[in-house]
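Participant: sequence plus the predicted model coming up.
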Amino acid sequence: VAFTLNNGTTITGAGSARAVSSLNVAGAVGVPGTLELGPGAVISGAGSLTLPGKLDWTGGTLATATTIPIGSLTTISGSAQKTLSSTLNVAGRLNFTGTGGFAMNSAVVNVQTGGLFDLQNDAAIFDPDNSNVIGQIFVDGTLRKSGGTGTSDLGDGFDGHVSTRVSAGGKIEVQTGVLN
């Protein structure tokens, strides 16, 4: 079942909203509760998604401009590959756990001032097709490796490069293992 979410749509309630196939974001959409993005599902569209609640991302593709506001949590977990094909603004916390890779196909992760992108595993972050339009990570907040005893590759593990830029106020913290 495909859903289209138009401008001003809000998904609320004590339960979780689960994207299992196709979710089209056509306007400014907010999800103050929990949104689940699983294997095979696609969230896409020309609109924007704001997640003041929580995103549990265990697979599938996120292909719409998305913001994780201050105080919010997104967890990328599980063994399936996750694909970002848009811009993800992280003002809150983005935890990357599990074993599945994080593919950034012409995508951007903006870790904003006060935001945290925490690599809690040894899985790779990579450009899946090694295209000329590479994935990019901009760090104005903190990029941290806090889990896994091996290497977290930003590109080289899959021969697809990801560019990482750290601003004057940004930080990289390696608490365990290797960040390559």
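Facilitator: On my side now, so go ahead. Here the structure is a predicted model, which means the values were calculated and not measured.

Participant: confidence score at His161?
Facilitator: In this model, His161 is scored at 69, pLDDT.

Participant: ok, now Asn105?
Facilitator: So Asn105 comes in at 78 (pLDDT).

Participant: how many neighbours does it have?
Facilitator: By other C-beta atoms under 10 Å, the residues close to Asn105 number 19. (C-beta placed from N, C-alpha, C; glycine too.)

Participant: could you find the closest non-adjacent residue to it?
Facilitator: Spatial nearest neighbour of Asn105, excluding adjacent residues (C-beta to C-beta, 6 or more residues apart in numbering): Ser85 at 4.9 Å.

Participant: list the contacts of that neighbour.
Facilitator: Shown in contact with Ser85 (C-beta atoms under 8 Å, 6 or more residues apart in numbering): 44, 61-63, 105-107.

Participant: ok, Ala14 touching Gly33?
Facilitator: Yes - judged on C-beta atoms under 8 Å, Ala14 makes contact with Gly33 at a distance of 7.3 Å.

Participant: neighbour count for those two, which is higher?
Facilitator: Gly33 (17 against 6).

Participant: and the pLDDT for the more buried one?
Facilitator: The model's pLDDT for Gly33 equals 90.

Participant: against Leu116, how distant is it?
Facilitator: Separation of Gly33 from Leu116 (C-beta to C-beta, to the nearest Å): 22 Å.

Participant: low-confidence ranges, the protein, go.
Facilitator: Judged by pLDDT under 70, the chain has its weakly predicted residues at 1, 130-133, 155-161.
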